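[1] Provided below for reference: sequence and predicted model.
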Amino acid sequence: MNKGSGSRLPSQAPAGERLVVEEGVCLQDMNTFAIAATAARLVRVREARDAAAIARDPVLGPAPKLILGGGSNLLLTRDPAPLVVKVEIAGMRVLTSTPKATVLEAGAGVRWHEFVRWSIAQGHPGLENLALIPGTVGAAPVQNIGAYGLEVAQRIESVVATDLSSGQAVEFDAEACRFGYRDSVFKREWAGRCLITHVRFRLPRPWRAVLGYADLDRHFSRAGLAHPDAQQIFEAVCAIRKAKLPDPAEVGNAGSFFKNPIVEAATRDELGQAFPGLVSYPQDDGRHKLAAAWMIESCGWKGRNLGRAGIHARHALVLVNLGGAAGAEIIALAENVRADVLAKFGVRLEYEPVVVG
Ligand code: EPU
């Protein structure tokens, strides 16, 4: 496999005749912010060869595309690109198992939480800290989902995708994905140019718990559990998330709306002196990650709203659609929050979701 770039796999089957193009599709149920936008045309991909067929189609191939998984990291501020490609590739299986690691593979359209639950139930722990994250398996590597001390990058063996310019399959090993904090090659040079069809996960054996995240440790010390197993961590993460984060099925949201900014140690020290309550975490490279939620809360935004866009009352990093909000209203609120944090702390917050428009 080529290092540093995706390596080509053998050609896939010829273009399938099964592609069905739907027109004028309402996307409200396909994005967790529940924004009402319309796809001029929508095609569903149920197998890798459907993606190849789209790439090779004379009309669909060249059309600008929005690739949609669970729509949980997306803010639509207008109708999206001419073609929406909805990824619905199913399947979960064990690829290999050795004394050192088990490698699992899942289709990009599998719901992330279902995959985590299945892997643990099958006796392959290692993803439990990432329980209950909304979205699909295919979206997980795009923004390198992370929570409670674990990033998915630490468990990825490779990502299999279809190159949308050629219809060829391409495999990216973990290095080629160039993962960073909520970042990967799929958000940058490969954005819109490939469609992830399958993800392979390497779960090291023997399993070791990932503990040390404040919320998790508090949970287990209260429960009197010094050595929780994977199932107990899975349940703890679910309980913590349910207590803090709104369920997109009840109130539209895309999880954290801002990334936690990473600053130099000197900046962190200056801010720490000016704001003694500042919450931050040292990074391996000597820099510090600031808790954006703390800064937003200290600007007085927690629980407030601007029209139909609000800041969640239990977590200041989560913007919510209070009902019928347009994407532009969410952006207006985000820009107000961003301006206040910049004025008070001199730190510019970056959006986490992909904004269309
Ligand atoms: N805090 C506040 N006010 C709040 C919420 C949090 O001051 O309303 C402070 C607290 O001091 C808390 C700290 O911020 O200890 C960190 O909060 P939390 O543990 O909830 O994590 P986070 O940094 O806000 C990140 C991820 C989440 C992930 C959690 C848990 C980002 C942008 N977000 O949030 O990911 O679930 O850690 O690991 O890195 C997502 O990306 O959509 C997401 C939900």
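    Arrived safely.
[2] quick one, longest helix in the chain?
    Across the chain, the helix with the greatest residue count (assigned by DSSP state H) is helix 327-345.
[3] note down every partner strand of the next helix or strand after it and its orientation.
    Going down the chain from helix 327-345, the next helix or strand is strand 354-356, by DSSP states H and E. Strand 354-356 has these partner strands in its sheet, going by DSSP bridges: strand 74-76 (parallel).
[4] buried set for the helix or strand just after the strand it pairs with?
    Helices and strands here follow DSSP H and E; after strand 74-76, the next one along the chain is strand 83-87. By neighbour count on 16 or more other Cβ atoms under 10 Å, the buried set for strand 83-87 is Leu83, Val84, Val85, Lys86, Val87. To be clear about C-beta, it is placed using only N, CA and C from the backbone, and glycine gets the same treatment.
[5] nearest to His124, of those residues?
    Closest approach between the buried residues of strand 83-87 and His124, by Cβ to Cβ: Val87, at 23.4 Å.
[6] quick check: the closest one vs Val320, distance?
    Val87 sits 26 Å away from Val320, going by Cβ to Cβ, to the nearest Å.
[7] same check on Gly91?
    Distance of Gly91 to Val320, given as Cβ to Cβ: 33 Å.
[8] leaving out sequence neighbours, find the closest residue to Ile54.
    Closest residue in space to Ile54, ignoring its immediate chain neighbours: Leu60 at 4.9 Å, by Cβ to Cβ, 6 or more residues apart in numbering.
[9] residues touching the one you found, list them.
    Leu19, Val21, Val43, Ile54, Leu83 (Cβ atoms under 8 Å, 6 or more residues apart in numbering).
[10] need the contact list for the last one.
    I take that to be Leu83. By Cβ under 8 Å, 6+ apart, the neighbours of Leu83 are Ala39, Ala40, Arg41, Leu42, Val43, Leu60, Ala63, Pro64, Lys65, Leu66.
[11] give me that answer again for 7 Å
    Under the criterion of Cβ atoms under 7 Å, 6 or more residues apart in numbering, the neighbours of Leu83 are Arg41, Val43, Leu60, Ala63, Pro64, Lys65.
[12] now do Leu74
    Neighbouring residues of Leu74 by Cβ under 7 Å, 6+ apart: Asn31, Ala254, Pro353, Val354, Val356.
[13] redo those residues as TSV? Include pLDDT.
    Listed next are those as TSV, based on pLDDT from 0 to 100:
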residue	pLDDT
Asn31	98
Ala254	97
Pro353	96
Val354	94
Val356	94
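[14] return the member of those nearest to the ligand.
    When the contacts of Leu74 are ranked by distance to the ligand (Cβ to the nearest ligand atom), Ala254 comes first, at 6.9 Å.
[15] state the pLDDT value of Ala81.
    Listed pLDDT for Ala81 reads 83.
[16] quickly note the distance from it to the ligand.
    Noted for Ala81: a distance of 24 Å to the ligand, by Cβ to the nearest ligand atom, to the nearest Å.
[17] could you find the closest non-adjacent residue to that residue?
    Ala81's closest residue in space is Pro64 (Cβ to Cβ, 6+ apart), at 4.2 Å.
[18] thank you, goodbye.
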